[in-house]
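dropping a prediction and its sequence here:
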Amino acid sequence: MSPLDVGTHEQADRAVAELRSTWGAEPDGVWTAPGRVNLIGEHVDYNGGRCLPMALTRITAAAVRRRDDDLVRLSSTDPDAAPFEGRLDDLGPGSATGWAGYAAGTLWALQQAGIDVPGMDLSVSSDVPLGAGLSSSASLEAAVAIAAAELAGRADSVELRHLLVQAAIRAENEVVGAGTGGMDQTVALLAEEGSALLIHTRDFRTEPVQLGLAEAGLELMVIDTRVKHTLADGQYAQRRADCDEAARQLGLEWLSDATAADVDRLTDPRLQARARHVVSENERVDTVVELVRAGRVAEIGPMLDASHASLRDDYEVSAVELDVVVEAARSAGALGARMVGGGFGGSAIALIRSTGAAAVGEAVVAACRERGLTEPVTLTVTSGPSARRLS
Ligand code: ADP
Ligand code: MG
C-alpha cells in the first residue's frame, strides 16, 4: 500500500468513528480534500498574480450522513473543536463561529450559490497540521463542499469545482472573517496528482505543471516551526491594505500588473517595498514554471531563496524561526529554501536531494536548539490528488 493509501484511509476511518460516536450515524459516504504547500508565489493571490502550489497527500476526510430534516450537525476529531448544530437557513455570518465557521460557512455559501444542500451529520478528521501554513482550513472547506455538492445531486465537473472554490472562499472571507485570496481553495479542488498547479488568481484559470521531483532525485521538505506569533493578528489585513493602496496610487486594478518603473514611482517607502515584493514574486513564479517545464527543476533553488529574502525584507512577514531554519537548511545542502504561507511563523520549505533529508532535518532542529527556539518538525511531502469521494 502506498503512503497515500495509508494516510487517506486512516483519516477516513477516524472520521467515520467520529460520526458514529458523536452523532450515532452511519456514513453515506466519505470525501477527502488535501492540504497544500505553495512552491512559489506568496502573497500574490490577492494581488491578481500567479502562484504555484501543490496538493499534499495529507488530507481532511469528511464522513457524512444525509438527514431528512433541515438540521446540520458537525463535529471534528480535533479536541479543540466543539460540535456544532444549526438549521440549514441559519449557517451564515454570525451563526457559526470558531472552526464551525469554515464548515457551516461553506454550506451557507453553497446555498447562496444555488446548491440545494440537504440537512446532514458530518464529522471530519485531518492529518494536515492545523495552522502550520499547509492550509488545513481550505482542505476542511473543500471536503465539506465536495460532499455537500454530491449529496445535493450535482454531477462532478470542472465548472462545479470552480463554483465550490468560490463558495469556500466566501465561507472563509465572510463567515470566518479571514482574508484568504483563493489559492488554497483552488488547489484543494483542482490540483492533479504528480503536478503543481499554476493558478492565475485574477480569473482562477489553472494549468497543471508536472514537477518531476522524484525523477530529478529531489524531494520537498516542509519545516514546521511550530510557532505562530500573535503579532500576526491584523498583519495580513495590513499587507492587503498596503497593496490596495499601492495599486490605487498607481491607478491599477491589480498590483501584480505594476512594472518596475511603476514601483519606483511610489513615494512611500513601505508601499514601494510591498509592491516590489508582489512584482518580483510574480516574475519568480514565471521563471520557476519555465525551468520546471524545461526539465530543470533542480535549478529553481535560487528562486526560492530570492522569494524568502523578498518576503523577509520587502514584505516583512518572516520571523526569526523562519529565517533560522531557512538558513540552516541551505547550509546543510538544500538547493533552496523559503518561508511559505502567511508568515510570522508557520512553515518553510526546502528543496533537497533525496539523499539529504536526514542531514537537513537534523540541521534545522540543531540550529533552533542552539538559539533557544522551539524545535521544528520536518516532513517530506509529495503531490497528492484534489478533493474526491473516497468511499
Ligand atoms: P491553516 O489553514 O494554515 O492550517 P488557518 O488558521 O487558516 O491555518 O486554519 C486553521 C483553522 O481551521 C483551525 O484553527 C480550525 O479552526 C480550522 N480547522 C482546520 N482543520 C480542522 C479540523 N480538522 N477540525 C476542526 N477545525 C479545523
Ligand atoms: Mg488557512
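Ah, there it is. Ligands and ions are numbered 1, 2, ... in the order given.

A strand includes residue 270, no?
No - Residue 270: not assigned to a strand; according to DSSP: H, G, I helix; E, B strand; the rest coil it is helix.

quick one: it and residue 242 touch, right?
Yes - contact criterion Cβ atoms under 8 Å: residue 270 and residue 242 qualify, at 6.6 Å. From N, CA and C alone the C-beta is placed, and that goes for glycine too.

so between those two, which is more surrounded?
Legend: neighbour count by other Cβ atoms under 10 Å for residue 270 and residue 242, higher for residue 242 (20 against 14).

and what about residue 124, helix, strand or coil?
Residue 124 falls in the strand class when you classify it by three-state DSSP.

near ligand 2, which residues of the stretch 1-150 of the chain show up?
With Cβ under 5 Å from the ion as the criterion, the stretch 1-150 of the chain meets ligand 2 at residues 135, 137.

the stretch 1-150 of the chain: strands as residue ranges?
29-38, 50-51, 53-66, 71-76, 84-87, 120-126 (DSSP state E, counting those that start in this stretch).

residue boundaries of the helices in the stretch 51-200 of the chain?
Listed in chain order, the helices of the stretch 51-200 of the chain (DSSP state H, counting those that start in this stretch) span residues 100-112, 136-151, 158-170, 183-190.

could you export the second one as PDB, CA atoms only?
Coordinates of each C-alpha in helix 136-151 appear next as PDB, following Å, rounded to 0.1, in the frame of the first residue of the first chain:
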ATOM      1  CA  SER A 136      -5.900  22.800   6.900                       C
ATOM      2  CA  SER A 137      -8.700  25.400   6.500                       C
ATOM      3  CA  ALA A 138      -9.200  25.100   2.800                       C
ATOM      4  CA  SER A 139      -8.900  21.300   3.000                       C
ATOM      5  CA  LEU A 140     -11.700  21.300   5.500                       C
ATOM      6  CA  GLU A 141     -13.800  23.600   3.300                       C
ATOM      7  CA  ALA A 142     -13.200  21.600   0.200                       C
ATOM      8  CA  ALA A 143     -14.000  18.300   1.800                       C
ATOM      9  CA  VAL A 144     -17.300  19.700   3.100                       C
ATOM     10  CA  ALA A 145     -18.000  21.400  -0.300                       C
ATOM     11  CA  ILE A 146     -17.500  18.300  -2.400                       C
ATOM     12  CA  ALA A 147     -19.500  16.100  -0.100                       C
ATOM     13  CA  ALA A 148     -22.400  18.600   0.100                       C
ATOM     14  CA  ALA A 149     -22.500  19.100  -3.700                       C
ATOM     15  CA  GLU A 150     -22.700  15.400  -4.300                       C
ATOM     16  CA  LEU A 151     -25.400  14.900  -1.600                       C
END
